[in-house]
Every structure is written in C-alpha cells, then in structure tokens.
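Student: pasting the structure only:
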C-alpha cells in the first residue's frame, strides 16, 4: 500500500517536473511569440497549471476509488 502511494506520488512529481522543465525551456510554446515591447501573457501559464491540477486531481481520485474497490 505504501509502495503504491509513493509510486503514484513520484509519478505526479515527475509529471509536474517535466511540465515545469518544458515551460522553462520553451516559454513561447503556450502563447504567440511576444514582440520585444510586450511580455508573454501570464494567463497561459495559469491556465496550464490549472489544467495540470485538474488532471492530477482526476488521477488521484481514480487511484483512491480503485483502492476502495480492492478492500
């Protein structure tokens, strides 16, 4: 049980790290290339984080539901 918990936790952490690393290396992917006088709109970053949080929440709920069924 503990192994499954830490395994899923490590998986979520890896996904979050990969997304953060991708956003760091490719800041222009989420939005059109900014002109020199204009910054990237931060709403794209917020939307990306929110979407990732929703997916993480769904996976987490599915994991706990599966655990409840196996009892």
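Tutor: Received it, and whenever you're ready, just let me know what you need. If you're wondering where the values come from, they're calculated on a predicted model, not measured in any experiment.
Student: hey, where'd the strands end up in this protein?
Tutor: Counting by DSSP state E, the chain has no strands to list.
Student: just the pLDDT at residue 13, thanks.
Tutor: Note on residue 13: pLDDT of 71.
Student: and it, how many neighbours?
Tutor: For residue 13, the count of nearby residues is 10 (other Cβ atoms under 10 Å). C-betas here are computed from N, CA, C, even on glycine.
Student: same check on residue 63?
Tutor: Residue 63 has 16 neighbouring residues, counting by other Cβ under 10 Å.
Student: kindly list the main-chain dihedrals of residue 42?
Tutor: The phi and psi values for residue 42, taken as degrees, to the nearest 10, are phi -70, psi -10.
Student: quick check: it vs residue 63, distance?
Tutor: Residue 42 sits 31 Å away from residue 63, going by Cβ to Cβ, to the nearest Å.
Student: cool, and residue 53?
Tutor: 15 Å.
Student: do the same with residue 49
Tutor: Residue 49 is 21 Å from residue 63, by Cβ to Cβ.
Student: flag the shaky bits of the chain, pLDDT-wise.
Tutor: Low-confidence segments of the chain, defined by pLDDT under 70: 1-7, 9-12, 16, 19-40, 71.
Student: make it 80
Tutor: 1-42, 44, 66-71 (pLDDT under 80).
Student: in it, which helix has the most residues?
Tutor: Ranked by residue count, the top helix of the chain under DSSP state H comes out as helix 43-70.
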